[in-house]
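Asks: Sequence plus the predicted model coming up.
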Amino acid sequence: MGVSSMKQAGNYQERSTKEWSFSEILTNREIRERWEKVRNYFFLRESTYDMTNRCNIRCQGCYYYEGEKQFVREIKDPNMWRKLMQAEKARGITYVVLAGAEPSLVPELCEVCFEEMPLGTIASNGLKPIPESINYKIHISVWGNDETSLKIRNAKDMLLRQIENYRRDPRAVFVYTFTKENIDQVYEVAETLARQGCKLTFNAFSAPVGYAGPLRHTPASLGQTRKAMVDLLSRYPENVLFSLYSAVAHTHRCGLHSLYACSYPRMNPSIHLGLGRSFRQYRADLTWDRDAACCVPDTDCDDCRHYAAGSAVVTARLFRHASDNDTFMSWLDYVDTYLAVWVMEYSKGENLSHRLVPPPGHGVF
Ligand code: SF4
Ligand code: SF4
């Protein structure tokens, strides 16, 4: 599955001009405790890796099969991957996202990555179980009910097979990607997953460069998506890993770059700050290209609302959110959500904010 990203909460690219208000905000006990909880993870430094060019299905709108990265020569030698991971560790990377195409097709390479780098996530379509010894988070992509999956992913009984493979697996988070066409289906999918005790989070379809197909969102479909996210968050609080501010950030008419200024190298020319300094997106031949480096390469930046992108881009904007209690609580909920989705052993707390707070400098829609 071609997804990826992780955050760098510690890489603030902004200087606080509001330190007085930040310390005032921290006088609230609830806020202070959550802040102390999430800041323990500011050491995370992410990069992402395409483990293979191959996938066992072919989905419409897959950004992996856009652009040149799909044509590189795969490196299949575990020793070369081990050396890469050791070099990554040496340059300060502490967190890996193994993506694709489909990493479950190369478990021996994922295993080597885990041996060298114990924190990470694998983005998978969930059709082939990943060995338990690889103790990364596993994000399983869901694009609608099984009828829709058959139509746009050409895979039969997909949810059923994904649940069979990952029910009761503490590594697994099912990621429902809202497209323009599958919004209502989320209710039956969420009910099924909740009944099976599975964890679920949400993504918004972000069009690959040049994509003009039917999955692309419109303002109306973004509004409907937000409503469904909020409904399900209140209906299945034990299963849905999300927050109201996550819903706002990922369904806003402006994409993530317009709202927060994307910090990945592809959009961020600085080689000195944050993700611009440390993030790399390795292709399956172990090369990387700074000009193309982001967690969802070949995605159209104007349409980018991807959950993986947001978890870095929103998180990096700490000080922008440190203006008042409500806004900062929303940001904390966002960070608490992404840590629960991306980090093994991290447990999500109750959301602190109970209203839709607008991104700084913007309206709520
Ligand atoms: S599962 Fe679908 S979206 Fe993921 S890499 Fe394979 S074809 Fe692309
Ligand atoms: S697609 Fe564009 S906006 Fe989204 S993460 Fe990549 S560089 Fe940033």
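Replies: Ah, there it is. Just so you know, these numbers come straight off a predicted model, no measurement behind them. Ligands and ions are numbered 1, 2, ... in the order given.

Asks: Distance check, the residue nearest the centre of the chain against F43.
Replies: The structure's the chain has its C-alpha centroid closest to A308; by C-alpha atoms, centre = their mean the separation is 2.2 Å. A308 is 19 Å from F43, where distance means C-beta to C-beta, to the nearest Å. Quick note: C-beta positions are derived from backbone N, CA and C, even for glycine.

Asks: Now do the phi/psi pair for N40.
Replies: phi -60, psi -20 (degrees, to the nearest 10).

Asks: how close does it sit to ligand 1?
Replies: Here N40 is placed at a distance of 32 Å from ligand 1 (C-beta to the nearest ligand atom, to the nearest Å).

Asks: What of Y49?
Replies: 14 Å.

Asks: Surely that residue is in a strand?
Replies: Yes: assessed with DSSP: H, G, I helix; E, B strand; the rest coil, Y49 lies in a strand.

Asks: so what's it bridging to?
Replies: Beta bridges link Y49 to L98, Y282 when assigned by DSSP bridges.

Asks: list the contacts for it?
Replies: L84, V96, V97, L98, A99, C113, Q281, Y282 (C-beta atoms under 8 Å, 6 or more residues apart in numbering).

Asks: Who are the packing partners of the helix or strand that contains the first one?
Replies: Okay, so that is L84. In this assignment (DSSP states H and E), L84 forms part of helix 78-90. The contact analysis (3 or more C-beta pairs under 8 Å, 6 or more residues apart in numbering; DSSP states H and E) places helix 78-90 against helix 107-116.

Asks: L356 reaches A249, doesn't it?
Replies: No: using C-beta atoms under 8 Å, L356 is not in contact with A249; the gap is 10.6 Å.

Asks: of these two, who's got more company?
Replies: Neighbours were counted for L356 and for A249 using other C-beta atoms under 10 Å; A249 has more, 26 against 14.

Asks: Which residue ranges of the stretch 101-250 of the chain form helices?
Replies: 107-116, 146-153, 158-166, 185-195, 219-235, 244-251 (DSSP state H, counting those that start in this stretch).

Asks: hmm, the last one in reach of ligand 2?
Replies: No: in terms of C-beta under 6 Å from any ligand atom, no part of helix 244-251 sits within range of ligand 2; the closest distance is 11.7 Å.

Asks: Which neighbouring elements make contact with that helix?
Replies: So helix 244-251, by 3+ C-beta pairs under 8 Å, 6+ apart, packs with strand 200-204, helix 219-235, helix 256-260, helix 307-313, helix 325-342.

Asks: picking up where we left off before, which one of the helices of the stretch 101-250 of the chain has the lowest average pLDDT?
Replies: Note on those: lowest mean pLDDT is at helix 146-153, with a mean of 93.

Asks: quick one: A292 from ligand 1, how far?
Replies: The value you get for A292 to ligand 1, if C-beta to the nearest ligand atom is used, is 17 Å.

Asks: Deepest in the core, which of the helices of the stretch 101-250 of the chain is it.
Replies: helix 244-251 (a mean of 25; mean count of other C-beta atoms under 10 Å).

Asks: That one vs strand 200-204, what angle?
Replies: Here helix 244-251 runs at an angle of 30 degrees relative to strand 200-204 (axes from the mean of the first three to the mean of the last three C-alpha atoms, to 10 degrees).

Asks: chain center to helix 244-251: distance?
Replies: Centroid displacement of helix 244-251 relative to its chain, using C-alpha atoms, centre = their mean, to the nearest Å, is 13 Å.

Asks: Touching that helix from outside, list them.
Replies: 202-204, 222-223, 225-226, 229-230, 233, 256, 259-260, 305, 307, 310, 314, 330-331, 333-334, 337, 351, 353-359, 364.

Asks: Name the residues of this structure found near ligand 2, please.
Replies: Neighbours of ligand 2 within the chain, by C-beta under 6 Å from any ligand atom: 256-257, 262, 264, 266-267, 294-296, 299, 301, 304, 309.

Asks: what about the residue nearest to the centre of the chain, distance to ligand 1?
Replies: On the measure of C-beta to the nearest ligand atom, A308 and ligand 1 end up 13 Å apart.
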